[in-house]
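Colleague: structure here, sequence nowhere to be found:
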């Protein structure tokens, strides 16, 4: 596991003796084991100079092993005090700890109080930034899963387009999409599937309802799947029946904005420049006030993760970063349009993972 | 808001100057405002001797007010430091704080570090147990919402039974259930709807798949809705075609176990006694080893909340407590059966919220 080695190198470089990771998404990242422990303790302990171990409920020990975890596992029952097991295993493997890195933006106060009691000699430092940086650089295996997740999102949009017809409700379309994905083996969507039609497209966070699709509507679909632990997130907007000139004009502004950002992506470019390029296209088309959100967000094990792509975020893009590019215009008098792609920064440019065509699709 | 007054009384009694609540479910409980803030700061500050306020993203301020919050609201933008706004409002309302109660099982270390910086004079104590106790005692209005949520769960089981037929897959049945609920205005299930058939019923945490229902199957459905912020959670198991004698025997053991626990419920009875009564029925029927989980869990704004109903939990039931009673037998050689009701402890006994009949239903 090179990811564990990277953490060990970090511990070495920063002279920290151990790292304790408790965020489910980070545990999956480091171990391949995916679980929502609710209030139970689940964690990966990584030492600078000893083998790591996972602490988890006893009933999950077999799942940890079958997820590919080759190291120690400490299982406890509901009637046990899980922390006593952690302490004993740490003593056995590494003796007394004088420093532990934790995820301060995730670990609760209650848990840190307990750790302070169990490891009275230890100082606690942040591991958060190190994990964010690691996770934002996807390796080849992760990229392959993201490609597959994106292909399933493309398929979902295809299904949606086939099911769009006069009188079909947003909820019916949502159900048709999710059912088709279930048949493909998708067990989980990365968020609640959005289908909005007509004036509802102008609400960036609208909820699908009983409204029936009618001639002249734009239909906006925003969805994604979780595929082997990795997320996709796509938006397409299509026209049911012949669009008006104003609808077309809004659509083209969003499409060119999406393309303007895509055209810029390569290592070294600043995130803020992408947001500015897309915003400039929309502003020049006269719709600047209707593009009310950031350009995009990091994507991977979480559907929203580091880094955020907005006008004030000046970090430079690096190879392997994956994020969305999703400009939108929300003009309630005419229509809403959003076009969202998932993209990877490559050595010399960009790979666009979502491939459903972006020329305005007119369904008759 | 009597709930806020109860917190103020707690602060008075314990000589604490303020409470800061950041769990979304507890914020909804205290304010009526429901939101998932992700990494953004959302909190209710309650003072012993001043009016409370909510801190939230600026775009959510109107929603807080329309949710019925009559007190102050402090909105901040993404480019602001939200904590500076909290500090300023606290100073304005209550001056310097020397003690603040927080949810130590929820608040992150990062946030407590920030609060310690902003309120250097303050000691921090736990509010967790006080909130758990309050939330476990439902008032009349909450009980009414839980009744309505349970009625929607009953309806879902009815829909499921109407859709069970030879060759219908688990996923198709799941889709039919959720679509019918959407048409009733249900926007959210309280957890992923479970439909398991045949041998899969013997897996307590199985996932619906492509398996098609066939003659002689038991079909297990476990589901619930979120209705105006309150959850339901029902399980029914039905027979498709004539059941075998062994299937009947397992079913009846679970049904009598469910009833044995229900018959005991009234104020003063210990939670552990319910678990023991149900377990005894199943053990006497010869299936003790196949009842592998606790009897039930608290239910309300969260689908799993305080209190837990298991054999080692000796607290006494009190009027207004709501929880599930869900014995099960999971015998992979014959079948799995679980029957789950949502119940309320009343002044002199019990009200069962879920009403779908529990005599073995045979669908032909």
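Modeller: Received the coordinates, thanks. Everything numeric in this text was worked out from a predicted model, so none of it was measured.
Colleague: what mean pLDDT does the longest helix anywhere in chain A have?
Modeller: Scanning chain A for the longest helix, with DSSP state H as the assignment, gives helix A:140-163. Averaged over helix A:140-163, pLDDT sits at 98.
Colleague: mind listing what the residue most central in space within chain A touches?
Modeller: By Cα atoms, centre = their mean, chain A has its centre lying nearest to residue A:303, at 2.0 Å. Contact analysis of residue A:303 by Cβ atoms under 8 Å, 6 or more residues apart in numbering or on different chains lists A:190-191, A:224, A:231, A:233. C-beta: built from backbone N, CA, C; applies to glycine.
Colleague: returning to that earlier point: would you mark the buried spots in the longest helix of chain A?
Modeller: Using 16 or more other Cβ atoms under 10 Å in any protein chain shown as the test for burial, helix A:140-163 gives A:142-143, A:145-147, A:149-157, A:159-161, A:163.
Colleague: now find how far off-centre it is within its chain.
Modeller: In terms of Cα atoms, centre = their mean, to the nearest Å, the centre of helix A:140-163 is found 14 Å from the chain centre.
Colleague: buried set for the next helix or strand after that helix?
Modeller: Going down the chain from helix A:140-163, the next helix or strand is helix A:170-183, by DSSP states H and E. Within helix A:170-183, the residues scored as buried using 16+ other Cβ under 10 Å are A:170-182.
Colleague: got those residues as CSV, with distance to residue A:247 and pLDDT columns?
Modeller: Listed next are those as CSV, based on distance: Cβ to Cβ, whole Å; pLDDT from 0 to 100:
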residue, distance to residue A:247, pLDDT
A:170, 18, 96
A:171, 24, 93
A:172, 23, 94
A:173, 19, 96
A:174, 22, 95
A:175, 26, 93
A:176, 24, 95
A:177, 23, 97
A:178, 27, 94
A:179, 29, 92
A:180, 27, 95
A:181, 29, 95
A:182, 33, 91
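Colleague: out of the residues you listed, which comes closest to residue B:331?
Modeller: residue A:182 (28.0 Å; Cβ to Cβ).
Colleague: returning to what we had before: what sits up against the longest helix of chain A?
Modeller: For helix A:140-163, contacts defined as Cβ under 8 Å, 6+ apart pick out A:138, A:172-173, A:176-177, A:180-181, A:184, A:186, A:193, A:195, A:219, A:221, A:223-234, A:236, A:238, A:299-300, A:320, A:322, A:342, A:344, A:353-356, A:361, A:363.
Colleague: now the closest residue to chain B within the stretch 201-350 of chain A, what's its secondary structure?
Modeller: In the stretch 201-350 of chain A, no residue comes nearer to chain B than residue A:207, which is 6.2 Å away by Cβ to the nearest Cβ. With DSSP: H, G, I helix; E, B strand; the rest coil as the basis, the three-state label of residue A:207 is coil.
Colleague: which residue packs closest to it, ignoring adjacent ones?
Modeller: Closest residue to residue A:207 apart from its sequence neighbours, by Cβ to Cβ, 6 or more residues apart in numbering or on different chains: residue B:187 at 6.2 Å.
Colleague: again, but for residue A:270
Modeller: Nearest-residue entry for residue A:270: residue A:314, 5.2 Å, with adjacent residues in sequence omitted and distances by Cβ to Cβ, 6+ apart.
Colleague: could you list the low-confidence segments of chain A?
Modeller: A:1 (pLDDT under 70).
Colleague: what residue spans form the domains of it?
Modeller: What the record gives for chain A is the domain set A:2-136, A:140-363, from automatic domain parsing.
Colleague: looking at those, which is buried most?
Modeller: domain A:140-363 (a mean of 19; mean count of other Cβ atoms under 10 Å in any protein chain shown).
Colleague: before we move on, back to that, regarding the residue nearest to residue A:207, what is its secondary structure?
Modeller: Per three-state DSSP, the local secondary structure of residue B:187 is coil.
Colleague: next up, the contacts around the residue nearest to residue A:186 when sequence neighbours are not counted.
Modeller: Distances taken as Cβ to Cβ, 6+ apart place residue A:225 nearest to residue A:186, at 4.8 Å, with adjacent residues excluded. Counting by Cβ under 8 Å, 6+ apart, residue A:225 touches A:149, A:152-153, A:156, A:181, A:186, A:188-190, A:231-232.
Colleague: quick check, nearest of these to residue B:259?
Modeller: Distance to residue B:259 across the contacts of residue A:225 (Cβ to Cβ) is lowest for residue A:188, with 35.8 Å.
Colleague: with residue A:71 as the reference, measure out to the residue nearest to that closest one when sequence neighbours are not counted.
Modeller: Nearest residue to residue A:188, sequence neighbours excluded (Cβ to Cβ, 6+ apart): residue A:226, at 4.3 Å. From residue A:226 across to residue A:71, the span is 26 Å (Cβ to Cβ, to the nearest Å).
Colleague: got it, and residue A:133?
Modeller: Applying Cβ to Cβ, the value for residue A:133 to residue A:71 is 23 Å.
Colleague: same thing with residue A:38?
Modeller: Residue A:38 is 24 Å from residue A:71, by Cβ to Cβ.
Colleague: same question for residue A:275.
Modeller: For residue A:275, the distance to residue A:71 equals 42 Å [Cβ to Cβ].
Colleague: and residue A:87, which of the three is it?
Modeller: helix.
Colleague: OK, contacts around it?
Modeller: By Cβ under 8 Å, 6+ apart, the contact set of residue A:87 is A:118-119.
Colleague: what does the helix or strand where residue A:63 lies rub up against?
Modeller: Assigned by DSSP H and E, residue A:63 falls within helix A:61-66. Defining contact as Cβ under 8 Å, 6+ apart, one finds that helix A:61-66 is touched by A:31, A:33, A:35, A:54, A:56, A:73, A:75.
Colleague: contact partners for the residue lying closest to the last one once chain neighbours are set aside?
Modeller: Translated: residue A:75. Nearest residue to residue A:75, sequence neighbours excluded (Cβ to Cβ, 6+ apart): residue A:58, at 3.6 Å. Neighbouring residues of residue A:58 by Cβ under 8 Å, 6+ apart: A:75-77.
Colleague: inside strands: which ones of those residues?
Modeller: A:75-76 (DSSP state E).
Colleague: just the closest of the contacts of residue A:58 to chain B, please.
Modeller: residue A:77 (11.2 Å).
Colleague: residue A:64 versus the closest residue to that closest one other than its chain neighbours, what's the distance?
Modeller: Leaving aside its sequence neighbours, residue A:77 sits nearest to residue A:58 (Cβ to Cβ, 6+ apart; 5.2 Å). Applying Cβ to Cβ, the value for residue A:58 to residue A:64 is 11 Å.
Colleague: how about residue A:250?
Modeller: From residue A:250 across to residue A:64, the span is 50 Å (Cβ to Cβ).
Colleague: what of residue A:263?
Modeller: Residue A:263 is 44 Å from residue A:64, by Cβ to Cβ.
Colleague: before we move on, what about residue A:159?
Modeller: Per Cβ to Cβ, residue A:159 is found 36 Å from residue A:64.
Colleague: which ones among the contacts of helix A:140-163 lie within strands?
Modeller: A:195, A:219, A:221, A:223, A:226-227, A:230-231, A:234, A:236, A:238, A:322, A:342, A:344, A:363.
Colleague: quick check, nearest of these to residue B:95?
Modeller: Lowest distance from residue B:95 to these (Cβ to Cβ) belongs to residue A:231, with 46.4 Å.
Colleague: so that closest one sits against residue A:298, correct?
Modeller: No - counting by Cβ atoms under 8 Å, residue A:231 sits too far from residue A:298 to count as a contact (10.3 Å).
Colleague: so which strand or helix has residue A:256?
Modeller: Assigned by DSSP H and E, residue A:256 falls in helix A:245-264.
Colleague: that older thread, so the residue nearest to the centre of chain A, which of the three states?
Modeller: With three-state DSSP as the basis, residue A:303 sits in coil.
Colleague: kindly report the same for the one 3 residues further on.
Modeller: Reducing the assignment at residue A:306 to three states with three-state DSSP gives strand.
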